[in-house]
Each structure stands twice: as structure tokens, then as C-alpha cells.
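Participant: all I have is the shape, not the residue letters:
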């Protein structure tokens, strides 16, 4: 009986320590409740079109995510996947700027990336969920 209590205590201690260590180390875990994706324009330019398409297709989706509303520097847009979400496939993203140039990112895992910042010169930054 004494051994059972001891092992139960060890199991509980391991559970508590396993929960507290990532918090103490400053680790931030994010659990996604809904499939959405935020695109932040930090490029210094105005984005006029955003196209998102599953990577398995050769063409870009014909729908512009901005719906004819420009995305200026410092602004963001939330893209909802409620009607097209597929947890397995990666997505390709294309942004077109008001000066006629564009940038593309291929095979983005948008199930884990919940925010992407478009930086200057086509660079990008990501906030990732577990």
C-alpha cells in the first residue's frame, strides 16, 4: 500500500513539473481554436492583391483575399479558412504591390502558422502555434 502511494505521488509530481517547467522557461504555447490566419503588412509598400491557394494546385485561386481594399503598411487582415480548411495540405501565398511587383511564399503550413508578417524586401516573420 505504501508503494502505491509513493508511485502515485511521483506520477503527480512529474505531471506538475512537466507543466510548470515550460512556463518557467518563458515558453509560450498557443492552441488554435479556429482555422484562421493573419497577414501583417510591414513591407513599407501597399499590397493591392493577396492570393492564397493549396500548394497542390498549379494556379492561384482567382479570389483576391483583400476584396479590392488595399492593405497599407502597418495594417493586417485576417483570412478565415472556415469553408476551405484542409489540415494536411500546405498553402502558397502571393502578394502583389501597388507598384506592380509581387512576392510569393510556397508550401506554408498554415495549420501551425497563425500570423505572418511581410517585411521589407520580401522577408517574412511568423508566429507559430503548436
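Facilitator: Received the coordinates, thanks. What you are looking at is a predicted structure, and each value in this text was computed from that prediction instead of being measured.
Participant: for residue 42, what are its contacts?
Facilitator: 73-74, 117-120, 125 (Cβ atoms under 8 Å, 6 or more residues apart in numbering). For glycine as for every other residue, the C-beta is placed from the backbone atoms N, C-alpha and C.
Participant: kindly recompute the last result at 7 Å.
Facilitator: Taking Cβ atoms under 7 Å, 6 or more residues apart in numbering, we find residue 42 in contact with 73, 117-119.
Participant: drop anything exposed from these.
Facilitator: Buried subset of the contacts of residue 42 (neighbour count, 16 or more other Cβ atoms under 10 Å): 117-118.
Participant: out of the contacts of residue 42, which comes closest to residue 47?
Facilitator: Distances from residue 47 to those, taken as Cβ to Cβ, are shortest for residue 118 (7.4 Å).
Participant: residue 78 looks like it's in a strand, true?
Facilitator: Yes. If the criterion is DSSP: H, G, I helix; E, B strand; the rest coil, then residue 78 is within a strand.
Participant: across the sheet, point out what pairs with it.
Facilitator: Here residue 78 shows beta-bridge partners residue 38, assigned using DSSP bridges.
Participant: could I get the contacts of residue 42 as CSV with distance to residue 58, secondary structure and pLDDT?
Facilitator: Output for these, formatted as CSV (distance: Cβ to Cβ, whole Å; DSSP: H, G, I helix; E, B strand; the rest coil; pLDDT from 0 to 100):
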residue, distance to residue 58, secondary structure, pLDDT
73, 31, coil, 96
117, 27, strand, 92
118, 23, strand, 93
119, 28, coil, 92
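Participant: for the contacts of residue 42, give me a markdown table that also has distance to residue 92.
Facilitator: As requested, the contacts of residue 42 are exported to a markdown table (distance: Cβ to Cβ, whole Å):
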| residue | distance to residue 92 |
| --- | --- |
| 73 | 23 |
| 117 | 18 |
| 118 | 14 |
| 119 | 19 |
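Participant: let me know the closest of the contacts of residue 42 to residue 44.
Facilitator: Comparing these against residue 44 with Cβ to Cβ places residue 73 closest, at 5.4 Å.
Participant: my read is that the closest one contacts residue 40, right?
Facilitator: No. Under the criterion of Cβ atoms under 7 Å, residue 73 makes no contact with residue 40, lying 10.0 Å away.
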